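# Here is my input, please return the structure:
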Amino acid sequence: AVLGFLVDAAPHMHRPRPPPARGRGGGGGGGPPPRPARQPQHRPPPRRRTHHPVRTYLPVTTDSALTPEQILGATEEVLRRFGPAKATVVDVARTLGVSHGSVYRHFPSKAALREAVTQRWLDQAHDSLASITAESGPAVERLHRWLETLFAAKRKKALDDPQLFATYLVLVAETSSTVEAHIDTLVEQIGRIVQAGVNSGEFGPAPVGPTARALFEATAHFHDPAYAAEWSDPQAPERFAALWKLLLGGLLTR
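All right, here's what the predicted structure looks like:
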């Protein structure tokens with residue numbers, strides 16, 4: 001009987017086991033599935049660093065040959081490109097091809113540099129005014145030409161380069177003492193012409209200082225930057241002529 005039992009059970013004893021189930025949660029307690037083969041990573045080639053040469057807008061100079069006038073010219077170029085809010089001394093030095101320390105040897109601070117370039121801009125258009133003041137001849141003609149030249153110079157700056165003109169308006173607001181000194185110089189020139197007219201008898205007796213200041217302020221519409229938007233009006237010269245006629249009537253000897 002035992003032999004018969006063993007014979008009957010043999011097929012079941014030698015039955016092969018089913019393969020273990022793959023994956024998680026499968027029966028048979030199989031191990032974790034094999035990891036997929038790692039794919040080769042395609043990395044971008046390393047970026048090559050490009051060295052850009054320093055871009056200069058004026059002839060590169062040496063520290064020993066650097067002059068204040070070159071620095072002021074470069075500063076004006078930088079102001080035109082970047083505006084007063086972003087322009088720096090480093091930009092000026094880069095434009096010249098020198099170190100910023102070379103710029104500071106001539107101008108001790110950024111504020112000093114901006115003040116100097118503002119003074120230069122104010123004086124550039126007014127060189128001819130000093131010449132008119134120093135001339136001899138009828139005071140009436142010289143005073144009229146002086147005022148007319150001032151108007152023409154301011155008008156040219158505003159219309160020919162409005163971007164730079166707007167930039168300098170910002171600088172002028174920052175350097176009030178420079179502007180006041182500049183105005184005092186202009187009023188003094190008017191006073192010299194008025195004094196010559198009083199001495200020659202062309203103008204009636206009048207206090208020279210207050211009269212010169214009144215003439216400057218009365219013509220502000222034609223030289224104060226606040227009115228620059230109106231200077232392109234074709235009728236502006238006609239309006240100036242009408243104002244001059246009125247002012248001259250108050251100056252002439254009665």
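# Could you list the low-pLDDT ranges of this structure?
1-64, 125, 254 (pLDDT under 70).
# Same question for stretch 102-114: list its buried residues.
With burial defined by 16 or more other Cβ atoms under 10 Å, the residues of stretch 102-114 counted as buried are 102-103, 106-107, 113-114. Backbone N, C-alpha and C define where each C-beta goes, glycine included.
# For residue 75, state which of those residues is nearest.
Proximity of the buried residues of stretch 102-114 to residue 75 (Cβ to Cβ) peaks at residue 113, which lies at 6.0 Å.
# wait, doesn't that closest one sit right on residue 92?
Yes. Under the criterion of Cβ atoms under 8 Å, residue 113 makes contact with residue 92 at 7.3 Å.
# Select the longest helix from the chain.
Counting residues, the longest helix found in the chain (DSSP state H) is helix 176-200.
# Would you tell me what the next helix or strand after that one is?
helix 208-218 (DSSP states H and E).
# what's that following helix in contact with?
143, 147, 183, 186-188, 190-191, 194-195, 198, 243, 247, 251 (Cβ atoms under 8 Å, 6 or more residues apart in numbering).
# do that again at 7 Å, thanks
Helix 208-218 has contacts (Cβ atoms under 7 Å, 6 or more residues apart in numbering) with 186-187, 190-191, 194-195, 198, 247.
# Ok, stretch 179-193 next?
Stretch 179-193 is contacted from outside by 122, 129-130, 133, 139, 142-143, 146, 172, 208-209, 212-213, 215-216, using Cβ under 7 Å, 6+ apart.
# Can you pick out the most distant pair from those?
By the measure Cβ to Cβ, 139 and 172 form the most distant pair in the contacts of stretch 179-193, at 30.3 Å.
# measure the closest residue in space to residue 202 that isn't next to it in sequence to residue 188 for me?
Once flanking residues are discounted, residue 202 sits nearest to residue 139: 5.0 Å by Cβ to Cβ, 6 or more residues apart in numbering. From residue 139 across to residue 188, the span is 15 Å (Cβ to Cβ, to the nearest Å).
# ok, the two, which is more surrounded?
Taking other Cβ atoms under 10 Å, residue 139 and residue 188 do not tie; residue 139 has more neighbours (21 against 14).
# what's the more buried one sitting at in phi/psi?
Residue 139 adopts backbone torsions of phi -70, psi -30, taken as degrees, to the nearest 10.
# Residue 224 versus the residue lying closest to residue 222 once chain neighbours are set aside, what's the distance?
Closest residue to residue 222 apart from its sequence neighbours, by Cβ to Cβ, 6+ apart: residue 151 at 4.1 Å. Going from residue 151 to residue 224 by Cβ to Cβ gives 11 Å.
# what about the strands in the stretch 1-150 of the chain?
In the stretch 1-150 of the chain, no strands are defined using DSSP state E, counting those that start in this stretch.
# all helices in it, in order from the N-terminus.
Chain-ordered helices for the stretch 1-150 of the chain, with DSSP state H, counting those that start in this stretch as the definition, fall at 2-13, 68-82, 89-96, 100-106, 110-124, 127-134, 139-160.
# Cool, thanks, signing off.
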